[in-house]
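# got a sequence here, can you model it:
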Amino acid sequence: MQARQGGEPAAGQGPAGSQWLLEVEAPASLPTLVIFPHAGAGAAAYWKLALSVRDVAQGLIVRLPGRESRLTEPLFTDFRPVIRALAPVLRPRLSGDFILYGHSMGALIAFETARLFSLAYGMHPRRLIVSGMEAPQDCPTGHDRHLMTDEQLWRLVTDMGGLPPEVAAEPTMRQMLLPALRADFQITDEYAFRAMPLLSCPISAYAGRLDAELAPSVMLGWQAHTTGEFEHTVLPGEHFFNLDSDSGFPEALEKLLAR
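So this is what the prediction gives:
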């Protein structure tokens with residue numbers, strides 16, 4: 001979903017190294033923050049958030065096929081091909097200190113990326129940051145949101161608060177966004193957790209106090225995936241509190257990255 005608080009890249013900015021990544025320029029000495037957007041969202045939705053932490057991290061925002069400049073590319077409907085495709089793009093960019101952050105669907109992709117890099121490459125993130133998503137072992141089975149009619153699916157994402165009223169009311173935008181939304185919901189609907197060795201990096205889990213999609217306490221389940229430190233923080237806001245400047249999330253993220 002294209003959350004309304006995302007902001008837009010400045011003129012002249014574009015994918016860094018490949019169509020997969022949108023880079024926010026920052027000093028090379030800073031750690032890299034890889035941002036995995038929520039279902040249906042392009043990289044531009046997280047531009048403003050990445051800019052807000054550019055003094056403490058180099059932002060790399062993932063852009064999946066089927067949105068923005070990749071609108072005509074085939075969509076992924078399973079997280080495994082996503083991880084396999086992302087790995088060779090990210091690996092050369094994460095040779096130093098790096099942090100992974102994902103919201104909602106992006107949290108699952110960030111988690112699976114952390115596991116792959118830790119177990120297969122011996123590249124351990126400094127921290128995994130997640131928000132707005134159940135822990136992988138708690139993801140509901142049997143969801144069929146990706147099988148909804150166009151009308152039902154559009155109403156669902158509109159009710160979640162991820163679409164500005166002017167976008168929700170525009171038929172052209174609906175036609176453009178629905179394929180990516182449906183594909184991304186299939187990724188989360190059909191996600192099946194597989195037990196593997198635990199991560200060693202700290203995990204920080206953030207929740208919105210008024211999130212109708214996810215009770216804040218559900219985020220506590222993420223603690224089961226690390227041998228390291230775990231933090232659970234509840235902030236003001238609904239499901240997209242992470243892109244709402246009034247929630248305090250940008251400030252909380254900056255402080256966390258500055259440690």
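
# remind me which residues of this structure are low pLDDT?
Along the chain, segments meeting pLDDT under 70 span 1-18, 142.

# now do the helices in the protein.
47-52, 79-90, 105-121, 150-159, 165-168, 171-189, 249-257 (DSSP state H).

# mind putting the ones you listed into JSON lines with distance to Asn242?
(Each C-beta comes from the backbone N, C-alpha and C, glycine too.) Formatted as JSON lines, the helices of the chain follow (distance: least, C-beta to C-beta, whole Å):
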{"stretch": "helix 47-52", "distance to Asn242": "7"}
{"stretch": "helix 79-90", "distance to Asn242": "20"}
{"stretch": "helix 105-121", "distance to Asn242": "10"}
{"stretch": "helix 150-159", "distance to Asn242": "16"}
{"stretch": "helix 165-168", "distance to Asn242": "19"}
{"stretch": "helix 171-189", "distance to Asn242": "17"}
{"stretch": "helix 249-257", "distance to Asn242": "5"}
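
# any chance of the ones you listed in TSV, plus mean neighbour count?
Converted to TSV, these look like this (neighbours: other C-beta atoms under 10 Å):
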stretch	mean neighbour count
helix 47-52	21
helix 79-90	16
helix 105-121	21
helix 150-159	15
helix 165-168	13
helix 171-189	19
helix 249-257	18
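
# nearest to Ala212, of those?
helix 150-159 (8.4 Å; C-beta to C-beta).

# elements contacting the closest one?
In terms of contacts (3 or more C-beta pairs under 8 Å, 6 or more residues apart in numbering; DSSP states H and E), helix 150-159 is packed against helix 171-189.
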